[in-house]
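Peer 1: please find the sequence and the predicted model below.
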Amino acid sequence: MKFLKFPFVVQQEILRFLDPNLVFNLSLLSSKMGRLTHSCVFKGIKMICYNTTGPHFTFSVINQEDEVLGIVSIRPRRELRSEIKRNARVSGVDADVDPVTNYTTILLKQSPHEPIVRKIHDHVAAIFGKQLPYWISSHTNSQNKLFIPSYIKPKRVSVEVKSEEDANKFDDWIQMIPQPNHITVIASAAITVWDNPKFHRVETLNMMNPNATTQDILPRFKGKYLVLNRAYCTDLHVVEFLHEWQTNEGFQNIKLVDIFMQFTTGFEQARIRE
Amino acid sequence: MSVEPEVPIVQVEEVRENPVLYKIISSDNHVFTISEHAVKLSKTLWDLITNLGLTAENALDNPIPVENVNGKNMETIVQFCERHKYDEEEPEYTNYIREFVLPEWDRQLLSIDNEELFQLILATNYLDIQKLMDYCCRVIGDMAKDKTPEELRIIYGIPTDAEDDALERSASDSPGPSG
C-alpha cells in the first residue's frame, strides 16, 4: 500500500485511527512522513504529559476519554534491553529505537540529554498540537538532580523536591511560568516556595511536605481544592480556618480541604466541633 | 440517457424493499441498482441525484455515470450502502476511536488485498461515504497495531529519505513531455 499516494484528506482520516505512538513512529520514517504528521489535526487529545524520572523522559497524551496513551520514552543507551535496535532520526537527531517495549523507546547515544529531549518535545508538540496544555511531572532518583524544562509552560505540575538545590530550582521555575491550574509537590526538603502567590491562586494544590505546617499555606490559599499530606497541623489552625470560612472572611472559593496529619496527638475534636 | 448493461444488474436483496431505485454505471460500464436510502450514504451521489432532479419516476431511465470508480469497487460500495442504509446516525467521532470494533460482516467485505483496499478507499473518498471511509481506515489502522517503525514502513510502503531523494533525482533527470 502506498500510503503517501492517498489524498491528504484520506491520510488524515487514517492517522486519526492510529494510536498516538504509532503516529509518532510513522513520523520517524521519513522527512515526508514527519511533515505530513505535523500538518494533521488530532482533535481528540486534550493534554500532553511530560514525565521525567531521573534520566528517563516520557511523553504521553491524555485523550477525551481521559486515557493516558504513551508516545515515546527516552532513556540512556546503556539501558538497551534488546539486541534488536533500529536507527531513526528525530528532528535531525540520530537515535536508536528499541521496538521491544510497549511504545517507542529512543536510546540516546550522547550526553547531555536535554537538547535532544527538547527536539523530541518540539517534534511531539508539532504533531499533536503546540497549543495543547501540558502536564509536567518531574521526579528525581538518588543520582539525579531535578529537571524541569524551561520551555514548557504547564497547566498542571507534579514535582518532587528532595534537596535545597532542587527547591531553589523549583522556586525559580515556578516564578517564571504562567499560573498553573493544578500543582502537586512532594517535598522532602524544606522549601520556601509557599510565599509565591502562584501557590495561593492555584485552583488545586496537593502538597506533601512534613517540614511544612498548614499555617504556611492554608491562610493564604485562594483556590478551590487543597490537599495537605503529612503537614503539621494543630486544632488551632483548623479552628481559625473554620471561623474565617463560616463568617465569610475568607476561603469563599474553597470546595474541598483535606488535611492528612503526620501526628494526631493533642488534637481536640470537641473544640473544633464547637 | 439510457445505457445497455453489459453485465447483469446487481440485485441486492434489500433493494426490493424500497420502491425508489437508481442506476449507477461504473467506469468499466457495469450497471448497478441502488435504493434511495442506500445511495444517500454517498454525499457525492446524492448531491448529483438532487442536482439532476431525478425522481422516483425517471430515476431508472437516467443512469448515473461514475467515471472514477470501477465495477469491482462499485459492487463493494453498493453492498455496503445497502447493508447500512437503515443504520442510526453515528455520534460524531472524537479523534481516537479506540473502542470502535469493525462488525464481522464488514470485516469480511473488506478482507481484500492492500492494492484493492487502496483503490476502494480512493473510490470511497470520491463518493464521500464517511461510514465506509471510517471502516476502511479502521482496517488500515489495525494493520499497524504492535508493529515496529520498520514494519510500518513496509506495510504502508513509505520510502526512506534516500529513496525519496533518488526518486526526485530520476524524475528531474528524465526528459519532459516535449523531450
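Peer 2: It's in.

Peer 1: next one, pLDDT for the residue in chain A that chain B sits nearest to please.
Peer 2: Residue nearest to chain B within chain A: A:Gly44 (2.8 Å; Cβ to the nearest Cβ). In short, each C-beta sits where N, CA and C put it, glycine included. You'll see A:Gly44 listed with a pLDDT of 82.

Peer 1: do a quick rundown of the strands in the stretch 1-150 of chain A.
Peer 2: Taking DSSP state E, counting those that start in this stretch, the strands of the stretch 1-150 of chain A run over residues A:45-53, A:56-63, A:68-76, A:86-90, A:93-98, A:104-108, A:134-139.

Peer 1: wait, B:Cys136 touches B:Ile121, no?
Peer 2: Yes - in terms of Cβ atoms under 8 Å, B:Cys136 counts as a neighbour of B:Ile121; the distance is 4.9 Å.

Peer 1: which secondary element of chain A has the worst mean pLDDT?
Peer 2: strand A:86-90 (a mean of 64; mean pLDDT, DSSP states H and E).

Peer 1: which helices and strands sit right next to the helix or strand A:Ile217 falls within?
Peer 2: Using DSSP states H and E, A:Ile217 sits in helix A:214-217. Helix A:214-217 is packed against strand A:225-231, helix A:235-246, with contacts defined by 3 or more Cβ pairs under 8 Å, 6 or more residues apart in numbering or on different chains; DSSP states H and E.

Peer 1: angle of the longest one against strand A:225-231?
Peer 2: Our comparison of helix A:235-246 with strand A:225-231, counting by axes from the mean of the first three to the mean of the last three Cα atoms, to 10 degrees, yields an angle of 170 degrees.

Peer 1: centre of the chain versus helix A:235-246, how much separation?
Peer 2: Distance of helix A:235-246 from the chain centroid (Cα atoms, centre = their mean, to the nearest Å) equals 33 Å.

Peer 1: what's the following helix or strand after that helix?
Peer 2: Helix A:235-246 is succeeded, C-terminally, by strand A:256-261 (DSSP H and E).

Peer 1: mind listing what's buried in that following strand?
Peer 2: A:257, A:259 (16 or more other Cβ atoms under 10 Å in any protein chain shown).

Peer 1: what angle sits between that strand and strand A:225-231?
Peer 2: Using the same axes, to 10 degrees, strand A:256-261 lies at 0 degrees relative to strand A:225-231.

Peer 1: by contact count, what packs against strand A:256-261?
Peer 2: Strand A:256-261 packs on strand A:225-231, going by 3+ Cβ pairs under 8 Å, 6+ apart.

Peer 1: okay, now the sheet partners of the strand it packs on, with direction.
Peer 2: Applying DSSP bridges, strand A:225-231 is found paired with strand A:204-208 (parallel), strand A:256-261 (parallel).

Peer 1: any low-confidence regions in chain B?
Peer 2: Residue ranges of chain B with pLDDT under 70: B:1-19, B:90-99, B:175-179.

Peer 1: can you give me the strands for it?
Peer 2: Applying DSSP state E to chain B gives strands spanning B:21-25, B:31-35, B:64-65.

Peer 1: comparing those, which comes out most buried?
Peer 2: Neighbour counts (mean count of other Cβ atoms under 10 Å in any protein chain shown) averaged over each of the strands of chain B peak at strand B:31-35, with a mean of 23.

Peer 1: mind exporting the C-alpha coordinates of that one to CSV?
Peer 2: In CSV, the C-alpha atoms belonging to strand B:31-35 read as follows (Å, rounded to 0.1, in the frame of the first residue of the first chain):
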residue,chain,number,x,y,z
VAL,B,31,-24.6,-1.2,-14.2
PHE,B,32,-25.7,-1.3,-10.6
THR,B,33,-29.1,-0.6,-9.0
ILE,B,34,-29.2,1.0,-5.6
SER,B,35,-32.0,2.1,-3.3
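
Peer 1: mind listing what the spatially most central residue of chain B touches?
Peer 2: Nearest to the mean C-alpha position of chain B, counting by Cα atoms, centre = their mean, stands B:Thr124 at 2.6 Å. Shown in contact with B:Thr124 (Cβ atoms under 8 Å, 6 or more residues apart in numbering or on different chains): B:77, B:132-133, B:136.

Peer 1: buried ones among those residues?
Peer 2: Buried among these by 16+ other Cβ under 10 Å: B:77, B:132-133, B:136.

Peer 1: so which of those reach chain A?
Peer 2: By Cβ under 8 Å from any Cβ of the partner chain, the members of the buried ones among the contacts of B:Thr124 lying near chain A are B:Met133.

Peer 1: what parts of chain B come near chain A?
Peer 2: B:93-98, B:114-115, B:117-118, B:121-122, B:125, B:133-134, B:137-138, B:140-141, B:144-145, B:147-150, B:152-153, B:155-161, B:164.

Peer 1: show the buried residues in these.
Peer 2: Here, 16+ other Cβ under 10 Å leaves B:94-96, B:117-118, B:121-122, B:125, B:133-134, B:137-138, B:140-141, B:144, B:147-149, B:152-153, B:156, B:158-159, B:164 buried among the residues of chain B next to chain A.

Peer 1: need the nearest residue in space to A:His243, chain neighbours excluded.
Peer 2: A:Glu249 (7.7 Å; Cβ to Cβ, 6 or more residues apart in numbering or on different chains).

Peer 1: ok so, going back, how about the strands paired with strand A:225-231 in CSV, adding mean pLDDT and distance to A:Tyr225?
Peer 2: Formatted as CSV, the strands paired with strand A:225-231 follow (pLDDT from 0 to 100; distance: least, Cβ to Cβ, whole Å):
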stretch, mean pLDDT, distance to A:Tyr225
strand A:204-208, 89, 4
strand A:256-261, 83, 5
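
Peer 1: alpha carbons of the helix holding A:Ile217, in CSV - could you do that?
Peer 2: In CSV, the C-alpha atoms belonging to helix A:214-217 read as follows (Å, rounded to 0.1, in the frame of the first residue of the first chain):
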residue,chain,number,x,y,z
THR,A,214,-0.8,24.1,57.5
GLN,A,215,-0.2,27.7,58.5
ASP,A,216,2.4,28.1,55.7
ILE,A,217,-0.2,27.7,53.1
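
Peer 1: can you tell me what sits against that helix?
Peer 2: Contacts for helix A:214-217 (Cβ under 8 Å, 6+ apart): A:194, A:199-200, A:205, A:207, A:226, A:228, A:231-233, A:237-238, A:241, A:259.

Peer 1: which of these are buried?
Peer 2: Of the contacts of helix A:214-217, these count as buried by 16+ other Cβ under 10 Å: A:194, A:199, A:205, A:207, A:226, A:228, A:231-233, A:237-238, A:241, A:259.

Peer 1: many thanks, I have nothing further to ask.
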